[in-house]
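In: Structure of the sequence below:
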Amino acid sequence: MHPNPITAFVSSATGHQGGPTALHLLSAGVQVHFLARNPSSPAALALQARGARLFPGDFDNIASLKAAISHTHAVFLNVTPTLTDPKLEITRAKSILEAAKSTPTVTTIIYSSVVMTGQHEKCPSHPLAWYWTNKAQIETLVREAGFKYWTILRPAFLMNNYLLPTASSMFPELVTERVFRTAYDPEMKMMVVVDPDDVGRFAAAVVLDPGRFHTREIDLGGEVLTPGEIARELSLVSGRDIKLELMEKGEVERSAVVDPRVWAQLWTNEVGSQVDLEELAKYGIRMTGFARYLEKHRDAVAWTLG
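Out: I've put the predicted structure just below:
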């Protein structure tokens, strides 16, 4: 355990995973540092109001990155893929790790990767194979960085993908037509979903007790659902009739050529998103089911589904 007070740098602290991580750390009495490209954004101001220390800048500004990480004990590493520049994710991860290694007080690194990292070889023609390859490379960098404690979290499909603003790109028909249109296999329970808040709870637990989680690579999932069950839960909470529309084989083949989302769904059909929920339960952190998540975010459900 670290001596109090603990200070942690949270990357992407205004995002879906970094935000909950920062809030859980603040609630536990941990001092939080974060970078903000736009210090006057509502999300940045809200974190400041909760007691987090804001540093203007971004991952590409090495000086501001080092300033934000200075005098911290733990770093939550979460970098977002960029379709227009796939290698940028790795570059930014390296910058964060180098800044952390140059800070003598940093002993703990927590990396939020993605479930099934390292399994992309099972679908080698996947046009987004680089997505998993990048995650695997960053995982290796974390393992070999030389920190006293390291932990890798691998979240499954985030539940917020079904709600705005993310749903507009992930499942546009859900927003425009109240239709869950998908290439997923309707019969197989392979849709493992996770509440981003649970990622934050795990990350905060690691910061508070890094020795317990040292060298652990933890797959995170809250519930395993079929596409029909996803549509049913959305219907029940929204009070709207959300229809499940399965893409026909010919359409899937045509769409997969130009739409990476369809390829990703086909990959899920072939490989699945496998999370051992019984093993996960041993950590004593109760995971959130999809219905409970939707209930917690009724305003976003109403915004998404009208």
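In: make it CA atoms for all contacts and neighbour counts henceforth
Out: Fine.
In: where does the stretch 51-200 of the chain dip in pLDDT?
Out: Scanning the stretch 51-200 of the chain for pLDDT under 70 picks out 120-126, 190.
In: Strands of that one, start to end?
Out: For the stretch 51-200 of the chain, applying DSSP state E, counting those that start in this stretch gives strands covering 53-56, 74-77, 108-112, 149-155, 157-158, 179-182, 191-194.
In: possible to save those as CSV with distance to residue 260?
Out: Output for those, formatted as CSV (distance: least, Cα to Cα, whole Å):
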stretch, distance to residue 260
strand 53-56, 34
strand 74-77, 25
strand 108-112, 22
strand 149-155, 20
strand 157-158, 15
strand 179-182, 13
strand 191-194, 17
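In: Columns distance to residue 216 and mean neighbour count on top of those, output as JSON lines?
Out: Shown next, in JSON lines, are the strands of the stretch 51-200 of the chain (distance: least, Cα to Cα, whole Å; neighbours: other Cα atoms under 10 Å):
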{"stretch": "strand 53-56", "distance to residue 216": "29", "mean neighbour count": "17"}
{"stretch": "strand 74-77", "distance to residue 216": "15", "mean neighbour count": "26"}
{"stretch": "strand 108-112", "distance to residue 216": "10", "mean neighbour count": "26"}
{"stretch": "strand 149-155", "distance to residue 216": "5", "mean neighbour count": "24"}
{"stretch": "strand 157-158", "distance to residue 216": "20", "mean neighbour count": "20"}
{"stretch": "strand 179-182", "distance to residue 216": "34", "mean neighbour count": "20"}
{"stretch": "strand 191-194", "distance to residue 216": "19", "mean neighbour count": "24"}
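In: Secondary structure element holding the residue lying farthest from the centre of the chain?
Out: Going by Cα atoms, centre = their mean, the residue of the chain most distant from its centre is residue 250, 32.1 Å out. Residue 250 is part of helix 249-258 when elements are defined by DSSP states H and E.
In: Same check on residue 32?
Out: Assigned by DSSP H and E, residue 32 falls in strand 31-36.
In: Quick one: residues in contact with that strand.
Out: Contact with strand 31-36 is made by 5-14, 22, 25-26, 44, 51-59, 64-65, 68-69, 72, as judged by Cα atoms under 8 Å, 6 or more residues apart in numbering.
In: go with 6 Å
Out: 7, 8, 9, 10, 52, 53, 54, 55, 56, 57, 58, 68 (Cα atoms under 6 Å, 6 or more residues apart in numbering).
In: Pairing partners for that strand, with directions?
Out: strand 7-10 (parallel), strand 53-56 (parallel) (DSSP bridges).
In: Alpha carbons of the helix or strand just after that strand, as PDB, please.
Out: Downstream of strand 31-36, the first helix or strand assigned by DSSP H and E is helix 42-49. Extracted in PDB, the C-alpha atoms of helix 42-49 (Å, rounded to 0.1, in the frame of the first residue of the first chain):
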ATOM      1  CA  PRO A  42     -17.900  21.200 -18.800                       C
ATOM      2  CA  ALA A  43     -16.300  17.800 -18.100                       C
ATOM      3  CA  ALA A  44     -12.900  19.300 -17.100                       C
ATOM      4  CA  LEU A  45     -14.600  21.900 -14.900                       C
ATOM      5  CA  ALA A  46     -16.700  19.300 -13.300                       C
ATOM      6  CA  LEU A  47     -13.600  17.300 -12.400                       C
ATOM      7  CA  GLN A  48     -12.000  20.400 -11.000                       C
ATOM      8  CA  ALA A  49     -15.000  21.100  -8.900                       C
END
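In: Any idea how far helix 42-49 is from the middle of the chain?
Out: Mean C-alpha position of helix 42-49 versus that of the full chain (Cα atoms, centre = their mean, to the nearest Å) differs by 20 Å.
In: Which positions within it qualify as buried?
Out: By neighbour count with 16 or more other Cα atoms under 10 Å, helix 42-49 contains the buried residues 43, 44, 45, 47, 48.
In: likewise stretch 88-100?
Out: Applying 16+ other Cα under 10 Å to stretch 88-100 flags 88, 89, 90, 92, 93, 94, 95, 96, 97, 99, 100 as buried.
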